[in-house]
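> sharing a model prediction with you, sequence too.
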Amino acid sequence: QVQLVESGGGLVQAGGSLRLSCAASGRTFSIYAMAWFRRHPGKEREFVAAITWSGDSTYYADSVKGRFTISRDNAKNTVYLQMNSLKPEDTAVYYCAAKLETGKLGLPVEYDYWGQGTQVTVSS
């Protein structure tokens, strides 16, 4: 089992920044990759960014490239999402997820464990 706990959400003005954290515990040695997804009200969960647990590779949705950065600190078993130049359309609940096997990183169904989510609200 892997447990994930997100933190760092909140309210920010457009153009501002936030950093989300996701602390992993339990069988973290079994993690292949971690990712951030988000869900806008009334919509399906969408991919934001992913990083392999080794930190070798990162992947981003086109909508956040150049504005968001995913990183990890393996000593702390924590993954971060630095979000800059935030836009009102970034408003969503953000979820951290962990994947145990190789495969596609952009599909929610591929992930084995999920955090509870943290609200990010960007005001215009």
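Thanks, I have the structure now. Numbers count the residues shown, from 1 in each chain.
> now stretch 67-84: how far from the chain's centre is it?
Centroid separation for stretch 67-84 versus its chain: 8 Å, with C-alpha atoms, centre = their mean, to the nearest Å.
> quick check: bridge partners of the spatially most central residue of the chain?
The residue lying closest to the centre of the chain (C-alpha atoms, centre = their mean) is residue 36, at 2.0 Å. Taking DSSP bridges as the rule, residue 36 bridges to residue 49, residue 96.
> what about it, distance to residue 4?
Per C-beta to C-beta, to the nearest Å, residue 36 is found 11 Å from residue 4. Glycine gets a C-beta too; all of them are placed from N, C-alpha and C.
> does residue 38 touch residue 96 like I think?
No. In this structure residue 38 lies outside contact range of residue 96 using C-beta atoms under 8 Å: 10.6 Å.
> the two - which one has more neighbours?
Legend: neighbour count by other C-beta atoms under 10 Å for residue 38 and residue 96, higher for residue 96 (28 against 23).
> re earlier: which neighbours do residue 36 and residue 4 have in common?
22, 96, 97 (C-beta atoms under 8 Å, 6 or more residues apart in numbering).
> quickly note the distance from the last one to residue 16.
Here the criterion is C-beta to C-beta. By it, residue 97 lies 25 Å from residue 16.
> comparing these two, which residue is more hemmed in?
Neighbour tally, residue 97 and residue 16, criterion other C-beta under 10 Å: the higher count belongs to residue 97, 24 against 14.
> out of everything not next to it in sequence, what's closest to that one?
Once flanking residues are discounted, residue 97 sits nearest to residue 111: 3.8 Å by C-beta to C-beta, 6 or more residues apart in numbering.
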